[in-house]
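Novice: could you work out the structure for the sequence below:
(one chain, ligands or ions: 2)
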Amino acid sequence: MTSRPEILFPLHRSLTTLEGIGPSIEKKMKGLLIDKPVDLLFTLPISFIQRKLVDTVFMYPSGKYVIVEVSILKHQPGRTKQSAYKVIVQDKEVSFNLLFFHARKDYLKKILPTGEKRIISGKLEVFDGFQQIVHPDYIIQISEKAQIKSFQAIYPLTAGITQKIMRRSLNSVLQLLPDLEEWIDPSLKESRSWPDWNLALKLVHDPTSHEAFEIGFPARERLSYDELYAHQLTLAIARLNNRKKAGRQTLGTGDLEASVLTELDFDLTKSQKSSIEEIKQDLAKPFRMNRLLQGDVGSGKTVVAFVSLLVAIEAGGQGVLMAPTEILVQQHVENLRPLGDKVGVVVESLTGRDKGKEREKKLKALRDGNIHILIGTHAVFQSGVNFLDLRLAIIDEQHRFGVRQRLALGEKGQSVDVLVMTATPIPRSLALSQYGEMDLTLLKEKPASRKPVKTVIVSDARIHEVAAKLKEAINRDIQAYWVCPLIEESELLDYTAAEERFKALRTDLGEGLVGLVHGQMSSEDKDDVMKKFSHGEIKVLVSTTVIEVGVDVPKASIIVIERAEKFGLAQLHQLRGRVGRGGSESSCILLYKAPVSENGEKRLSILRETEDGFRIAEIDLQMRGAGDMIGTAQSGLPRFRIADIYNQEKLLNIAHKYARVLLEKDPTLRLTKEGNASRNLLLLMGQEQAFRLLSVG
Ligand code: ADP
Ligand code: MG
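Specialist: Ligands and ions are numbered 1, 2, ... in the order given. Predicted coordinates:
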């Protein structure tokens, strides 16, 4: 553990150690997430005011800040306690009012004595045709004029905290800044013209021009970098720590892989090959793999997973593939078991449905090493599920699992290599901040066999035409998905809508040709319908969004999405990814119900324009903000105070790189000057938890 160096003490004491902050203000500061002096430092001003020295306010625009010399003409107390206390003043040309609410008469008489001159400053307003300033920021003697800042920062506020309190508190923290060793690489610092940490804080808290508010202002940028760097350093430490844990080398022979590849009726894409190569290299290393395989829908992640599992088996071990739903488990088993059979690899499934003797039998086979690849839902990680020699765990469609489960997984197998697969094409900036502790493999390319999906936007007034088209398609042996709208958050309502559509389509298209799946069905029934659909007995599959993730039926080449304007962009993209998998032309019909909101319209037209998941994700992000995209509650996304990861992606990448470089040089952050300095940064940024990890290994 690291104890905090003394030099940082003053910044971590209670707020009440600052001049002018008592227990009551201390409490209110919590509304701004300010607990310690150091938090004040990282609460940057959000805007500014500019004050102009004028001779008179005559004809001066309202809403502007002025500094003006006035004579005090008259005090005019309010008639009731509620009404304003007026002081009438006169500048070179005109008279106007100063207004005070809840004012103490004695005090006002003292600071604004009738007949004398004062300098005042504040925001000019017009009320009922009269010019006025409510609660001037400054009322001072002529001789003190220099005190007034013509440029001043404005801070975010909360109940009970005024600009004055913020300014005063900041002034007092800025006096406490210690001289710290630089943690930023010198050449990087120079190339970006970044000031020292101390100076940077002073420059942003005491701005002299609007440039200090621009994202690229060197002082501001430096502080953003510090924040990103501290975060990346923590993730890099977590990653290093992961790798230090138990090392097992898993070296395949290549035999199983070679045989399986000849069984496939396609060649791997370049991306698939290089992904497999990266994974193999990780497996061969005496560290624990912790890798994220990111690939858009339909990029062919399953084959990559399977070949990786084969490597574990070639090395004499076992593997597990976890999927979020039973439908997906079933589908993986159906696809992979025949391949396994051909090369003598035993593929078995385990879900919540396995009970009693059956389950016991499977568990025993697993313990004895007679099952090579286990495919299942989260049931595979329950206690009692033990492997003879588990070497590789793969989690498919990870976004359904959430961050916590990912961490829990690390605890299951002692030295198990972990590969997480996600189809959510999150922008790289988010990937780095969310999964920065993992190594990233990108499956860029899609199989060449994939055909573009023709996307059309159609009013639901024409739903009968769409049904007629479906009928035609069925006659040509084409299959289709029909996705029903998301109504409220209620499963039950979703299900009712789907059920009604199912009945209507059954009447239109023919009994037996239409199937229905929804979240309320038993998993047996769901499987049954899915099987019939994938074998082509059922031609049209009506569903709620349960098919969103992962389902793969190449012969289905039409997808109709009802009330598409209600779905999120990312979700629509995932849904559309269900088609375009086979050889034939595919289409996606987005049915909308007028009137559509502006954003809804934008989402639909973006979808028509592009199939690039990454582009769609970027736009989605811009439209909704990061929290929304991943689900604020479980996103696990860090909150940054200064940095803006959506606009400072480059900076994030730099921070990412330097964090890793530093840890390679100085894995304990004790060996180098930069390492020790970085410790201070982590402490300043409240990333102490990183040290726990450092001290584990
Ligand atoms: P996802 O990445 O969405 O999980 P899948 O692994 O389900 O994608 O693959 C989508 C479809 O593409 C499957 O039918 C699969 O068999 C097929 N596929 C995978 N790789 C290739 C390839 N290299 N060439 C042609 N088809 C492929
Ligand atoms: Mg998949």
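Novice: quick one: buried residues of the helix or strand residue 466 falls within?
Specialist: Residue 466 is part of helix 463-475 when elements are defined by DSSP states H and E. By neighbour count on 16 or more other CB atoms under 10 Å, the buried set for helix 463-475 is 463, 466-467, 469-471, 473-474. Bear in mind the C-beta positions are built from the backbone N, C-alpha and C, glycine included.
Novice: what are the contacting residues of the helix or strand following it?
Specialist: The first helix or strand that comes after helix 463-475 along the chain, using DSSP H and E, is strand 479-483. Contacting residues not belonging to strand 479-483 are listed as 470, 473-474, 501, 505, 533, 536, 538-545, 547, 553, 555-562, 575, 578-579 [CB atoms under 8 Å, 6 or more residues apart in numbering].
Novice: give me the number of residues near the residue in the stretch 151-300 of the chain that ligand 1 sits nearest to?
Specialist: Using CB to the nearest ligand atom, the single residue of the stretch 151-300 of the chain nearest to ligand 1 is residue 300, 2.9 Å away. By other CB atoms under 10 Å, the residues close to residue 300 number 22.
Novice: next, it: phi, psi?
Specialist: phi 90, psi 50 (degrees, to the nearest 10).
Novice: surely it touches residue 448?
Specialist: No: with contact defined as CB atoms under 8 Å, residue 300 does not reach residue 448; the gap is 10.8 Å.
Novice: joint contacts of the two?
Specialist: Common neighbours of residue 300 and residue 448 are listed as residue 269 (criterion: CB under 8 Å, 6+ apart).
Novice: any idea how far the helix holding residue 466 is from the chain center?
Specialist: Put simply, helix 463-475 sits 40 Å off its chain's centre (CA atoms, centre = their mean, to the nearest Å).
Novice: the inter-axis angle of it versus strand 479-483?
Specialist: Put simply, helix 463-475 runs at 150 degrees to strand 479-483, going by axes from the mean of the first three to the mean of the last three CA atoms, to 10 degrees.
Novice: output helix 463-475 as CSV, restricted to C-alpha atoms.
Specialist: The C-alpha trace of helix 463-475 is given here as CSV (Å, rounded to 0.1, in the frame of the first residue of the first chain):
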residue,chain,number,x,y,z
ILE,A,463,-48.8,-2.8,-43.9
HIS,A,464,-51.0,-4.9,-46.1
GLU,A,465,-48.7,-4.4,-49.1
VAL,A,466,-45.9,-5.6,-46.9
ALA,A,467,-47.8,-8.7,-45.9
ALA,A,468,-48.5,-9.3,-49.6
LYS,A,469,-44.8,-9.1,-50.4
LEU,A,470,-44.1,-11.6,-47.7
LYS,A,471,-46.5,-14.0,-49.3
GLU,A,472,-44.7,-13.7,-52.6
ALA,A,473,-41.4,-14.2,-50.9
ILE,A,474,-42.6,-17.3,-49.1
ASN,A,475,-43.6,-18.8,-52.4
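Novice: which residues are in contact with the residue of the stretch 151-300 of the chain closest to ligand 1?
Specialist: Counting by CB under 8 Å, 6+ apart, residue 300 has contacts 268-269, 272, 443, 446-447.
Novice: could you rerun that using 7 Å?
Specialist: With contact set as CB atoms under 7 Å, 6 or more residues apart in numbering, residue 300 has these partners: 269, 272, 447.
Novice: and residue 529, by the same measure?
Specialist: 515-517, 538.
Novice: so where's the stretch 351-500 of the chain shaky on pLDDT?
Specialist: Applying pLDDT under 70 to the stretch 351-500 of the chain picks out residues 398-414, 425-430, 432-437, 486-495.
Novice: alongside ligand 1, which residues does it contribute?
Specialist: Counting by CB under 6 Å from any ligand atom, the residues of the stretch 351-500 of the chain close to ligand 1 are 423, 447, 449.
Novice: ChimeraX command to pick out the buried ones of the residues you listed?
Specialist: In ChimeraX syntax, the buried subset of these is picked out as below (16+ other CB under 10 Å):
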select :423,447
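Novice: would TSV of the residues of the stretch 351-500 of the chain next to ligand 1 with secondary structure be doable?
Specialist: Shown next, in TSV, are those (DSSP: H, G, I helix; E, B strand; the rest coil):
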residue	secondary structure
423	coil
447	coil
449	coil
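Novice: and of the residues of the stretch 351-500 of the chain next to ligand 1, the nearest to ligand 1?
Specialist: Among these, and counting by CB to the nearest ligand atom, the member closest to ligand 1 is residue 447, at 3.2 Å.
Novice: the closest residue to residue 593 other than its chain neighbours: neighbour count?
Specialist: Among residues not flanking residue 593 along the chain, residue 460 sits closest, at 4.9 Å (CB to CB, 6 or more residues apart in numbering). Residue 460: 16 surrounding residues under other CB under 10 Å.
Novice: map the structural domains onto the sequence of the protein.
Specialist: 48-154, 255-443, 453-610 (automatic domain parsing).
Novice: buried sites along the strand or helix carrying residue 651?
Specialist: Here residue 651, judged by DSSP H and E, is contained in helix 649-665. Residues of helix 649-665 classed as buried: 649, 651-652, 654-656, 658-660, 662-663 (neighbour count, 16+ other CB under 10 Å).
Novice: distance to residue 256 added to the residues you listed, as JSON lines?
Specialist: Output for the buried residues of helix 649-665, formatted as JSON lines (distance: CB to CB, whole Å):
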{"residue": "649", "distance to residue 256": "40"}
{"residue": "651", "distance to residue 256": "44"}
{"residue": "652", "distance to residue 256": "40"}
{"residue": "654", "distance to residue 256": "42"}
{"residue": "655", "distance to residue 256": "41"}
{"residue": "656", "distance to residue 256": "36"}
{"residue": "658", "distance to residue 256": "41"}
{"residue": "659", "distance to residue 256": "38"}
{"residue": "660", "distance to residue 256": "34"}
{"residue": "662", "distance to residue 256": "40"}
{"residue": "663", "distance to residue 256": "36"}
